[in-house]
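>>> Next come a sequence and a model predicted from it.
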Protein chains: 2
Amino acid sequence: MPADRGQAGPTISEVAAEAGVGRATAARTLGGYGYVSPELRARVLAAAEKLGYRANALARSMSTGVSHTLGVIVADIGNPFFAGLLRGISDTSRERGFDVIVLSTYENLGQEVAATNVLIDKRVDGVIVASAALDRDQVAHLRAAIDRGIPVVLVDRAVAALDLDAVVIDNREAAREAVEVLVAAGHRRIGFVWGPPVAQAPATRRELLAAASRNLWTDGERLRGYLDALDDAHIPFDPDLVMVGPKTEQRVVGEVSRMLALPDRVTAVFCTETDGMTGSLRALRKAGLSYPDDVALIGFDDSAWAAVMEPPLTMIAQPVHELGAKAAAVLLDILGGAEPAREMHTLRSRLIQRSSVAPPRPVPPGQEPPGQVPFPAESRDP
Amino acid sequence: MPADRGQAGPTISEVAAEAGVGRATAARTLGGYGYVSPELRARVLAAAEKLGYRANALARSMSTGVSHTLGVIVADIGNPFFAGLLRGISDTSRERGFDVIVLSTYENLGQEVAATNVLIDKRVDGVIVASAALDRDQVAHLRAAIDRGIPVVLVDRAVAALDLDAVVIDNREAAREAVEVLVAAGHRRIGFVWGPPVAQAPATRRELLAAASRNLWTDGERLRGYLDALDDAHIPFDPDLVMVGPKTEQRVVGEVSRMLALPDRVTAVFCTETDGMTGSLRALRKAGLSYPDDVALIGFDDSAWAAVMEPPLTMIAQPVHELGAKAAAVLLDILGGAEPAREMHTLRSRLIQRSSVAPPRPVPPGQEPPGQVPFPAESRDP
DNA sequence: CTGCCGCGTGATACCGGTATCAGGCCGCAT
DNA sequence: ATGCGGCCTGATACCGGTATCACGCGGCAG
C-alpha cells in the first residue's frame, strides 16, 4: 500500500509522459547514460525541471546494485576524536561522490553487530569501522559483511583476527615517546590511565602483555609503548600504577586518587584518552595537588581546551582528519577496483610539548610532604 | 549489470526454493505479515537460517514506501553539543525501531541543501534538522522535503519562516540569567562573544535587535537575553562589546583582545559557545590577565573540561540528550499518525555556578596598571 | 452427493529505476 | 528499386521485496 503517491514526487514515467517521450528516453537523459538527441534531451530536462523530479536513490540502487554510499561505524560520536575522523571521511567521500551513513555503537559490541546489519541491509558499497571487537570470535559480523562482497576498512583500531586494510596511528611509538619525556624529566613512578578494557587487572607484566597482545587494539598498543619506555629506562613494572577495566571518568578519579595515596605515590600520569585526562585532573584537585609540580601530566588527543588550561597541557595530537581521509581513500580505491592491500597504513602522531611536565619534586625519604598521603580536607571550593 | 550476484546474499526466492515453498509464503514468514502454517513457517525459517538470509531494506522500502529511517542534519558533528543531541536522537529512534542517517553541513547552507536532497533521494521517513537557514528565501530545500510528504522537525534552531515543530532551549532566558549573574557581581562592561553571523557589525542597539529578530536563531535569542539583562540593569548598550560575524576561534582572540584593550575595558565576558570560551581564554592569557579577578567569565555548553579548569568555569548546561530525545519523539509521533502541533517545545537549561565569576577589581581612577585601563562604565553614557 | 464456505498457499502485479534489445526510419550502395 | 546498415527510440525484463487475489482443497450443510 504505497500510502499516498503523488506526494512523494514525480517518477521518471511521469516525466516521460510530460515530455511526450518514452520512459527509457527520459531515463537515459536523467540517468546520464546512453544516447538521446539534443532535442528530446531538452524536452525531458524541461519536464523534469517543471515537475521537480528527483531520482529515487532506492530504486536506482536496486537496479544497479550500487548505492554510492559508505557506512561508517564508530565507537562514540561524542568523542571529538571520532568527530574529527568523521569529518575526514565525509570530506573525501563527498569529493568522490559518495554519501556517508554514520552509526555510533557507544563501545557496545552488540550495537556494533546491529549497526553492521543495518549497513548490510541498506546495501552500502563499503564500510569503515572502528571496531570494539577484540577476539577471533567477535568478528563474525564483519566477516559476514565481507562475505557478502562489502569491502571493510578498519580505522583507529586494527583487528588482528581480520586480514584487512587498517588505517591507524603509531600508538605504541606515540605512547613511548610521551612516557620517555616523563622519564627524561626524572619520573620513575608513572601512572597509566587507562588501559585495555579487560575484566580484571593483570597482576604481572607478563599477564598484562598477554592481554595487550590478544589484539592490536589501540589501548593495548599504547600500553606496550608505556612498557617499552619503562623497559628502556630499567624502571620496574608496578601493576598498582596501571588502570584497566571499564572506562568511565568516575573510575579514573578513584583509581588516580588511589595511585596518589600510595606510600610511594605516582609523580606523573600518562592518559590515553581525553576522559582519562579530565578524570586525572579531578583526582589531582581532590587531593589538593597541582600540576606540573606535584604531578606531571601527558595525555592523548589534543584539544582547544588542553591549550588554554593553566598551565597548558602537553598532549599527543592525532592526525584525525588525515586518518579519516586516508581510510575513505583506501576504501574508495577498493570500490574503484583496486586490489585490497590488506596492510596497516600507519600515520604519525605528534607530541605537543607545553607546560604540564616538570621534574618530580624531590622528596626526602621517610618524610613525604603533607598533602600527599592522607587527603587534607578540601580547602578549595567544589 | 548486477555485478556478481551470489555474493550479495540470498534473496527471498532462494530461501523459498530451499524451503520448497512459494515465494509469497517465504515472504510472509520472513516479513512477519499474513498467515503461514507453523510447519511451513519452520521450514522457511530453517532455510533462511541456513542460507544466512537478510532482507534487502532497499527493496522493502521500495515496495512499502517506508524506510524506517530518520535523517538528521546538524551543523557540525565535531561540536560536542550536536554529538550529545545525536545520541539523544539515536537512542529514542532505536527504541522505536528506526535507523538514523546523520549528515553534517559544517554551517554551510549549500551543504545543507545537498544533505536534504540526499535524504529525500534516500526516501527517509522524516527529517530532524538544526538549520543554518535564516531567511525566508533560504528554506526552499526544507519546504521541498515537506511538499514531498516528509515531516521535518527543527532542533536547536527554530526557523521563523517555517511553521514547524521545533525543539529548543530557552536561549534568551538562559543568556539573561547568565548576564544577570555578571551584573549582580557588579559588572557593567560585559562583552558578548559571539553573536549572529551577520555580515557587518550593527552600530546601534536598534540595528542589532533588527538583525536578531530576522529570525529565532539561537545566537539571536542569546543576544536578546544579553540585551534584556543590560536593560533591566539600565546598562547602556555598547556596540564595541559585541562580537558578530564569522565564527572562528581566531577571530574571538582578536575581538576579545580588542575589548580588553579598550580604554574602558571589558570586565566580564559572556560566551555563547565553547569555541568562544576557549578563544576568550586565549585572549586573556595573551593580555596577561586571569579570571575571575581580572575578567569574569560565563559560557554556554558545559563540558568535562570546564569543570576541571582552575578555577572551574561557571557554565550554562544544555539538556542535550533530552533535546535530541524530544525532537525524535515529536517526529516519531508525527510518523505514527499524530497531527503535527507546529509549536515550539522549549526545554530548560541550567546555569552551573562554579568559580569564574568575581566582582570587578576596584581600580583607583587615574592610576590603572598598564595594559588594562578600566574606567567606570558610566563615563561612557551619553 | 453436491454446493458452498473458508482457509492456506502460490501466482502475480506492483514500487521506480536500469539495461538490453528489437524495430522504425533514413541514407547510401548496388 | 531494393537491400542493408546504422542510429535513435521505446518496449520490456529485470532488481527483491510487498500485497492482492485466485485457486485448490477439505469440511460441513442441504
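That came in fine, so what should we check first?
>>> Residue A:276 against residue A:253, yeah?
No: using C-beta atoms under 8 Å as the test, residue A:276 is too far from residue A:253 to be in contact (10.4 Å). (Glycine included, C-beta is placed from N, CA and C.)
>>> Compare the two and say which is more crowded by neighbours.
Neighbours per residue, other C-beta atoms under 10 Å in any protein chain shown: of residue A:276 and residue A:253, the larger number sits with residue A:276, 27 against 19.
>>> Where does pLDDT dip in the stretch 101-250 of chain A?
A:197-201, A:212-216 (pLDDT under 70).
>>> where do the strands sit along it?
A:126-129, A:152-155, A:166-169, A:190-193 (DSSP state E, counting those that start in this stretch).
>>> Take these and write them to a markdown table, including mean neighbour count and distance to residue A:292.
Listed next are the strands of the stretch 101-250 of chain A as a markdown table, based on neighbours: other C-beta atoms under 10 Å in any protein chain shown; distance: least, C-beta to C-beta, whole Å:
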| stretch | mean neighbour count | distance to residue A:292 |
| --- | --- | --- |
| strand A:126-129 | 27 | 38 |
| strand A:152-155 | 26 | 33 |
| strand A:166-169 | 24 | 25 |
| strand A:190-193 | 28 | 13 |
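>>> Nearest to residue A:265, out of the ones you listed?
Taking C-beta to C-beta, strand A:190-193 is the member of the strands of the stretch 101-250 of chain A nearest to residue A:265, at 9.2 Å.
>>> does any part of the closest one sit near chain B?
No: for a cut-off given as C-beta under 8 Å from any C-beta of the partner chain, strand A:190-193 has no contacts with chain B; the smallest distance is 14.0 Å.
>>> contact partners of that strand?
Residues from elsewhere that reach strand A:190-193 (C-beta atoms under 8 Å, 6 or more residues apart in numbering or on different chains): A:179, A:182-183, A:223, A:226, A:230, A:235, A:241-243, A:252, A:255-256, A:259, A:266-272, A:276, A:279-280.
>>> same thing but at 6 Å, please
Applying C-beta atoms under 6 Å, 6 or more residues apart in numbering or on different chains, the contact partners of strand A:190-193 are A:182, A:226, A:241-243, A:252, A:259, A:266, A:268-271, A:276, A:280.
>>> same deal with stretch A:31-40?
A:21, A:25, A:28, A:29.
>>> Quick check: the second one vs residue A:31, distance?
Using C-beta to C-beta, to the nearest Å, we find residue A:25 at a distance of 11 Å from residue A:31.
>>> Between those two, which is the more surrounded one?
Comparing residue A:25 with residue A:31 by neighbour count (other C-beta under 10 Å), the higher total belongs to residue A:25, at 21 against 14.
>>> Please, which helix or strand holds the more buried one?
Element membership for residue A:25 (DSSP states H and E) is helix A:23-31.
>>> So for whatever residue of chain A ends up closest to DNA strand D, what's the pLDDT?
Nearest residue of chain A to DNA strand D: residue A:22, at 2.7 Å (C-beta to the nearest atom of the strand). On the pLDDT scale, residue A:22 is placed at 93.
>>> Report the contact partners of the closest residue to residue A:111 other than its chain neighbours.
Closest residue to residue A:111 apart from its sequence neighbours, by C-beta to C-beta, 6 or more residues apart in numbering or on different chains: residue A:105 at 4.1 Å. Taking C-beta under 6 Å, 6+ apart as the criterion, residue A:105 is in contact with A:75, A:111, A:112, A:115.
>>> Just the ones of those residues in helices?
A:111, A:112, A:115 (DSSP state H).
>>> can you list the residues you listed in TSV and add neighbour count and distance to residue A:170?
TSV is the format used below for the ones in helices among the contacts of residue A:105 (neighbours: other C-beta atoms under 10 Å in any protein chain shown; distance: C-beta to C-beta, whole Å):
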residue	neighbour count	distance to residue A:170
A:111	18	29
A:112	25	25
A:115	24	28
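>>> With distance to residue A:134 added, can I get the residues you listed in TSV?
Listed next are these as TSV, based on distance: C-beta to C-beta, whole Å:
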residue	distance to residue A:134
A:111	15
A:112	12
A:115	17
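>>> hang on, the earlier thing: which two among the contacts of strand A:190-193 are spaced furthest apart?
A:182 and A:252 (17.9 Å).
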